[in-house]
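Chemist: What shape does this take:
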Amino acid sequence: MNTFVKKLLVLASAIVPVACAQQAETTQCKSSIDNSIYENLPFSMPQVIQPSFPDYTVNIKDFGAQADGKTLNTQAINDAIKAVHEKGGGKVVIPEGLWLTGPIELQSNVNLYTEKNALVLFTDDFQAYPIIKTSFEGLETRRCQSPISARNAENIAITGHGVFDGSGDSWRPVKKGKMTSSQWKTLVASGGVVEDDIWYPTEGSLKGAKACKEFNNPVGIETDEEWDEIRPWLRPVLLNIVKSKNVLLEGVTFKNSPSWCLHPLSCEHITINNVKVFNPWYSQNGDALDLESCNNALIINNVFDAGDDAICIKSGKDEDGRKRGEPCQNVIVKNNVVLHGHGGFVVGSEMSGGVKNIYVADCTFLGTDVGLRFKSTRGRGGVVENIYIDRINMIDIPHEALLFDLFYGGKGAGEETEEELAGRMKAAIPPVTEETPAFRDIHISNITASNIGRAMFFNGLPEMPIRNVNIKDVVINDARQGIVISQAENVTIDNTQVNTQGEVLQVKDSKNVKVNGKTYHNE
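Modeler: Numbering: from 1, shown residues only. As a prediction, the model looks like this:
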């Protein structure tokens, strides 16, 4: 790791003191959020409510937990949480040590606090995770229960200094192209099965993969026996908090998730502050954060290193998402560092319930495949609007600094051939219906980027162009390609420099595109 990256990591962890995490003997978990974060927002949103807890503390050791790395502490940890919940709330302490456990279920008015050098390791025994009805990739389906979960809870927190490890390597398939030859050889020798240059941990995992026609949700699996057979494929997200209010994640580290790492769904008033998320870069579906259909959220002072998208805003997929009808809205994303990911900041592709009132500022992307990534496809529906992005620095981005892709096909940038993309774009143009996604009213400013694949790519739908995008004060250095704008309307790019040896600007099938004072109109 070079000195520059180390300095950024130190900076990100030091920006805001973790008030509740640093109080071993606390009367309440007091907010460490500076209210100035709400000043001069481009839209109106309420302050995010922070949870508070009574002055009552228990230690998981009092419930029989043992830090020997081999005793399964599932019951002890959950009994401690239950006892504090039934007492009216307080703190459950996980002290220093290596704690092996199965699924942990948070309950209302409980702060799960991890001391320094506390390592919570989730068991790699698939049978420890019951198959439950849930939502994944925007669709109602079944998955294994998450290592950490909460549903219909209020005033909950995970704070402190500890690490939660999801044992994700025992669950995840791995593509051969994502590893060195020696890594691949070692992986294959460990067991599992290989098909089409993809390693699967078990035969059941492979069978689950074959049952998926699109993305990762299986079809045609009906009986409980059939679901149990593909259990290893039903990789849970590490943390799944659903329909809960006043949620705080602060100070801790989450790593090695079986699938997505952090997945708040349909929550109100959620804060993720000074958290670190690490997934291997080869991890399939290893998103760091997927904030889905949440209202009033702070994503601040974090470090993300992901195998897929890093900071991702979602709201459900296709008919399921439109039926839910819960937009992701009123979100501040500020002072974050992304070390790797398919996208640094991402909207979609599951955005069928809508996304609006998002403010992203003061973030750094170091080697993400794409910097700012907006994606969707026909069939989604939903409206993405009122997105404000300011003061972003990025380096070593192999693909686009800014990408709008309304022909998303489920693969990461660079993984899809030009022929595959062209094939979808040649499809017959459908009428505009509730299934047509719309991206509009997006404002981007003060972007500095170096060593970029392509500066910008707008790839809208003929029936629904990308509309009303305002970009200003941008400098992109060492870009291998310039700006391509296709199927867009009312795009203004002002005071922007793109240094490239290729063609600086291409505009096609677009209306009212204005770049540094010159108007382009190409239908």
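
Chemist: List the residues that contact the residue nearest in space to the middle of the chain.
Modeler: In the chain, the C-alpha nearest the mean C-alpha coordinate belongs to residue 289, at 2.5 Å (C-alpha atoms, centre = their mean). Shown in contact with residue 289 (C-beta atoms under 8 Å, 6 or more residues apart in numbering): 261, 262, 272, 277, 299, 302, 304, 310, 311, 312. Bear in mind the C-beta positions are built from the backbone N, C-alpha and C, glycine included.

Chemist: repeat that for 6 Å
Modeler: 262, 311 (C-beta atoms under 6 Å, 6 or more residues apart in numbering).

Chemist: Kindly state the beta-bridge partners for it.
Modeler: residue 262, residue 311 (DSSP bridges).

Chemist: What lies in contact with the top helix by length along the chain?
Modeler: In the chain, with assignment by DSSP state H, the single longest helix is helix 74-87. Contact partners of helix 74-87, identified using C-beta under 6 Å, 6+ apart, comprise 56, 58, 60, 63-65, 90, 92, 101-102, 104-105, 107, 110.

Chemist: Contact partners for residue 179?
Modeler: residue 282 are the contacts of residue 179 under C-beta under 6 Å, 6+ apart.

Chemist: ok, now how distant is it from residue 186?
Modeler: Per C-beta to C-beta, to the nearest Å, residue 179 is found 9 Å from residue 186.

Chemist: Residue 428 now?
Modeler: 48 Å.

Chemist: So these two - more neighbours on which side?
Modeler: residue 186 (11 against 4; other C-beta atoms under 10 Å).

Chemist: just to revisit the earlier point, check the contacts of helix 74-87 for burial and list the buried ones.
Modeler: Among those, those buried by neighbour count (16 or more other C-beta atoms under 10 Å) are 58, 60, 63, 65, 90, 92, 101, 102, 104, 105, 107, 110.

Chemist: and residue 420, what element?
Modeler: Assigning secondary structure by DSSP states H and E places residue 420 in helix 418-425.

Chemist: and the next element down the chain from that helix?
Modeler: Counting by DSSP H and E, what follows helix 418-425 is strand 438-459.

Chemist: tell me the angle that next one makes with helix 418-425.
Modeler: Inter-element angle recorded for strand 438-459 and helix 418-425: 150 degrees (by axes from the mean of the first three to the mean of the last three C-alpha atoms, to 10 degrees).

Chemist: if we can go back for a sec, which secondary structure elements does the helix or strand just after the longest helix of the chain sit against?
Modeler: Following helix 74-87 in sequence order, the next helix or strand is strand 90-94 (DSSP H and E). The contact analysis (3 or more C-beta pairs under 6 Å, 6 or more residues apart in numbering; DSSP states H and E) places strand 90-94 against strand 57-59, helix 74-87, strand 110-114.

Chemist: Quick one: closest of these to residue 235.
Modeler: helix 74-87 (19.0 Å; C-beta to C-beta).

Chemist: Now that closest one: buried residues?
Modeler: Under 16+ other C-beta under 10 Å, the buried positions of helix 74-87 are 74, 76, 77, 78, 79, 80, 81, 83, 84, 85.

Chemist: and those as a markdown table, adding pLDDT and distance to residue 237?
Modeler: Output for these, formatted as a markdown table (pLDDT from 0 to 100; distance: C-beta to C-beta, whole Å):
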| residue | pLDDT | distance to residue 237 |
| --- | --- | --- |
| 74 | 98 | 18 |
| 76 | 98 | 24 |
| 77 | 98 | 19 |
| 78 | 98 | 19 |
| 79 | 98 | 24 |
| 80 | 98 | 23 |
| 81 | 99 | 19 |
| 83 | 98 | 27 |
| 84 | 98 | 25 |
| 85 | 98 | 23 |
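
Chemist: circling back: next, give me the two most distant ones among the contacts of helix 74-87.
Modeler: Applying C-beta to C-beta across those, the maximum distance is between 56 and 102, 25.3 Å.

Chemist: just curious, which of the buried ones among the contacts of helix 74-87 is nearest to residue 502?
Modeler: The closest of these, once distances to residue 502 are taken by C-beta to C-beta, is residue 104, at 51.4 Å.

Chemist: In contact with the closest one: list those residues for me.
Modeler: 77, 148.

Chemist: For the closest residue to residue 151 other than its chain neighbours, grab the count of nearby residues.
Modeler: By the measure of C-beta to C-beta, 6 or more residues apart in numbering, the closest residue to residue 151 outside its immediate chain neighbours is residue 242, 4.6 Å from it. Number of residues near residue 242 (other C-beta under 10 Å) recorded here: 19.

Chemist: Then residue 123?
Modeler: Neighbours of residue 123 (other C-beta under 10 Å): 18.

Chemist: Contact partners for it?
Modeler: residue 102 are the contacts of residue 123 under C-beta under 6 Å, 6+ apart.

Chemist: repeat for residue 470
Modeler: 443, 492.

Chemist: Tell me the spacing between it and residue 513.
Modeler: 12 Å.

Chemist: Same check on residue 100?
Modeler: Distance from residue 100 to residue 513, by C-beta to C-beta: 58 Å.

Chemist: Quick check: the gap between residue 161 and residue 270.
Modeler: Taking C-beta to C-beta, one finds residue 161 at 21 Å from residue 270.

Chemist: Look at those two and report which has more neighbours.
Modeler: A direct count of neighbours by other C-beta under 10 Å for residue 161 and residue 270 places residue 270 higher, at 25 against 17.

Chemist: Can you report how many residues lie near the residue lying closest to residue 292 once chain neighbours are set aside?
Modeler: Excluding the flanking residues, the one nearest residue 292 by C-beta to C-beta, 6+ apart is residue 314, at 4.2 Å. Using other C-beta under 10 Å, residue 314 is surrounded by 28 other residues.

Chemist: Residue 350 is in contact with residue 314, correct?
Modeler: Yes - using C-beta atoms under 6 Å, residue 314 is in contact with residue 350, at 4.6 Å.

Chemist: where does the residue nearest to residue 292 sit relative to residue 218, distance-wise?
Modeler: Residue 314 is 20 Å from residue 218, by C-beta to C-beta.

Chemist: what's the answer for residue 433, then?
Modeler: In terms of C-beta to C-beta, residue 433 sits 28 Å off from residue 218.

Chemist: Where does residue 287 sit, in terms of helix or strand?
Modeler: Going by DSSP H and E, residue 287 is not in any helix or strand.

Chemist: Count the residues that sit near it.
Modeler: 28.

Chemist: so what pLDDT did it get?
Modeler: With respect to pLDDT, residue 287 scores 97.

Chemist: got the phi/psi numbers for it?
Modeler: Residue 287 adopts backbone torsions of phi -60, psi 150, taken as degrees, to the nearest 10.

Chemist: Mind putting the contacts of helix 74-87 into a markdown table with distance to residue 225?
Modeler: Output for the contacts of helix 74-87, formatted as a markdown table (distance: C-beta to C-beta, whole Å):
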| residue | distance to residue 225 |
| --- | --- |
| 56 | 45 |
| 58 | 40 |
| 60 | 36 |
| 63 | 35 |
| 64 | 34 |
| 65 | 34 |
| 90 | 42 |
| 92 | 37 |
| 101 | 28 |
| 102 | 22 |
| 104 | 28 |
| 105 | 26 |
| 107 | 32 |
| 110 | 36 |
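
Chemist: Alright, I will stop here.
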